[in-house]
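1. Here you go, sequence then predicted model.
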Amino acid sequence: MAETKVKATSKPSNSTTKSSAKKASTKPTAATETVKQPDPVLPPNGKAKGATDAPKATSPAQPEFSKETYITWYEQMVLMRKFEEKAGQLYGQQKIKGFCHLYIGQEACVAGAVSALTKGDKWITAYRDHAHPLALGTSPNAIMAELFAKATGCSKGKGGSMHIFDKAVNFVGGHGIVGGQVPLGAGMAFAEKYNKTGNLCICYMGDGAVRQGALHEAFNMAMLWKLPVIFVVENNGYAMGTSVQRTSNVTELYTLGESYDMPSEPVNGMNVEDIHHAVARAAERARAGEGPTFLEFKTYRYKGHSMSDPAKYRTKEELEDYRQRDSIEAVRHTILTNNMATEEELVAIDEKIKAQVQESVEFAETSPYPTADELYKDVYVQQDYPYIRD
């Protein structure tokens, strides 16, 4: 595990409150004493309510879901992984430029949620946004072309890595302002409730976003109006590069929702079954008119915050520890031990997806860039808006 330096503190006097004593002993300050950095996925003092130790290998005699579900999860997560690995390679070749935030390691956070929701539900997330539309059914060609800033991209080459959109699968971005998507997610849920569609909005954010004021405003209104929204924080432990323990007084992030009497729980984000169950419970409450839920997916990214981040704030041992909990390998184990597919059949799936990703690269490379007149399109909904040009 990574190590953090903290200042040793003297024993508090009798007049010191328990609360202040706790803060004094845990607040990261000048380095005089070495302590273990708490596990970003699991709590420092044992197991949190609802959490599990690692992606469990499902018993061969009692798989939790059908063969079709496990195969779908495997295909979705392998597509996410291979697409992101290729994107990282292309970024290194400078074929993809600008910002690029990869999802490698967090695949279960999307796959388990997709299987628990319906096609009419709306999705919104931050700027680590390639994997979500892939699992929802957006063509890898369209996403790769967007990374290349090509006209055939799902945002017509105008959004790039951080602003992926696809109305056809109800994926509403891809947002670059930290926490900015949280009130938008609440707003979309308000629209679903107002229009009585029976659908909900699932709103993802990173752990850094929970310290934005907009989150608390949105939480309050969502509970007040009982909006059908599932708020999800993908807590990968480090936000942009600093651990939760060094940036937040509250380290069990799901407890923030409890301040608003919002049903909240931690979930092992490396376990696709746990993700599915938690999202399904939250969806049932939302559709019953009981309002929002706040889920903390305790997950881990194998790469840095973005392609420009060398991730020197963590140890190789910590990274390897989480690789041993890999969600794809857990699903693969369940499939093989339950005879849902053979090793050869899984290899065939891997090769099919590898070819699919390569096809997306070729599509992106041969696609045209947007023409200059695209600067004036898609700026306003009103087609005859009079103030675009002189």
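-> Looks like it came in fine.
2. Could you verify that Ile202 is part of a strand?
-> Yes: the assignment for Ile202 (DSSP: H, G, I helix; E, B strand; the rest coil) places it in a strand.
3. Against Lys354, how distant is it?
-> Distance of Ile202 to Lys354, computed by Cβ to Cβ, to the nearest Å: 29 Å. Backbone N, C-alpha and C define where each C-beta goes, glycine included.
4. The two: which has the busier surroundings?
-> Ile202 (30 against 15; other Cβ atoms under 10 Å).
5. okay, the more buried one: pLDDT?
-> Listed pLDDT for Ile202 reads 98.
6. Could you check how far the residue nearest to Ile164 when sequence neighbours are not counted is from Trp123?
-> Nearest non-adjacent residue to Ile164, counting by Cβ to Cβ, 6 or more residues apart in numbering: Gly174, 4.1 Å away. From Gly174 across to Trp123, the span is 10 Å (Cβ to Cβ).
7. Also Gly185?
-> Taken as Cβ to Cβ, the span from Gly185 to Trp123 is 9 Å.
8. more crowded one of the two?
-> With neighbours defined as other Cβ under 10 Å, Gly185 and Trp123 compare such that Gly185 has more, 29 against 25.
9. The more buried one against Phe231, yeah?
-> Yes: counting by Cβ atoms under 8 Å, Gly185 does reach Phe231; the two are 7.1 Å apart.
10. List the residues that are in contact with both of these two.
-> Residues touching both Gly185 and Phe231 (Cβ atoms under 8 Å, 6 or more residues apart in numbering): 203, 218.
11. C-terminal to the lowest-mean-pLDDT helix or strand in the chain, what's the next element?
-> One helix or strand of the chain scores below all others by mean pLDDT, DSSP states H and E: strand 33-36, with a mean of 33. With elements assigned by DSSP states H and E, the helix or strand that comes after strand 33-36 is helix 67-92.
12. Which positions within that following helix qualify as buried?
-> 69-84, 86-87, 90-91 (16 or more other Cβ atoms under 10 Å).
13. gap between stretch 102-112 and the chain center?
-> On the basis of Cα atoms, centre = their mean, to the nearest Å, stretch 102-112 sits 6 Å off its chain's mean C-alpha point.
14. actually stretch 239-249, not the one I wrote
-> 17 Å.
15. Next: stretch 212-221.
-> 19 Å.
16. Please enumerate residues in contact with that stretch?
-> So stretch 212-221 is contacted by 178-180, 182-183, 185-186, 205, 209, 227, 231, 256-257, 259-260, 262, 292, 294 (Cβ under 8 Å, 6+ apart).
17. What count of nearby residues applies to Ala214?
-> Ala214, neighbours per other Cβ under 10 Å, totals 17.
18. ok, now Tyr238?
-> Neighbour tally, Tyr238, other Cβ under 10 Å: 24.
19. One more: Val110?
-> 28.
20. The one 10 residues further on too?
-> For Gly120, the count of nearby residues is 11 (other Cβ under 10 Å).
21. before we move on, what about Tyr313?
-> With other Cβ under 10 Å as criterion, Tyr313 counts 18.
22. nearest spatial neighbour of it, skipping sequence neighbours?
-> That would be Gly241: by Cβ to Cβ, 6+ apart, it lies 5.6 Å from Tyr313.
23. Name the SS class of that neighbour, please.
-> coil.
24. Ok, Ala286 next?
-> Quick answer, by three-state DSSP: Ala286 is helix.
25. Phe231 too?
-> Going by three-state DSSP: Phe231 is strand.
26. residues contacting it?
-> So Phe231 contacts 182, 185, 203, 205, 218-219, 222, 257, 262, 292-295 (Cβ under 8 Å, 6+ apart).
27. Test for you: state the pLDDT assigned to Tyr238.
-> Confidence score, pLDDT, at Tyr238: 85.
28. re earlier: restricted to helices, list the contacts of stretch 212-221.
-> If you go by DSSP state H, these have 182-183, 185-186, 256-257 in helices.
29. now those residues in CSV, with distance to Leu147 and pLDDT?
-> Shown next, in CSV, are these (distance: Cβ to Cβ, whole Å; pLDDT from 0 to 100):
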residue, distance to Leu147, pLDDT
Val182, 25, 97
Pro183, 27, 97
Gly185, 24, 97
Ala186, 29, 98
Leu256, 33, 95
Gly257, 34, 96
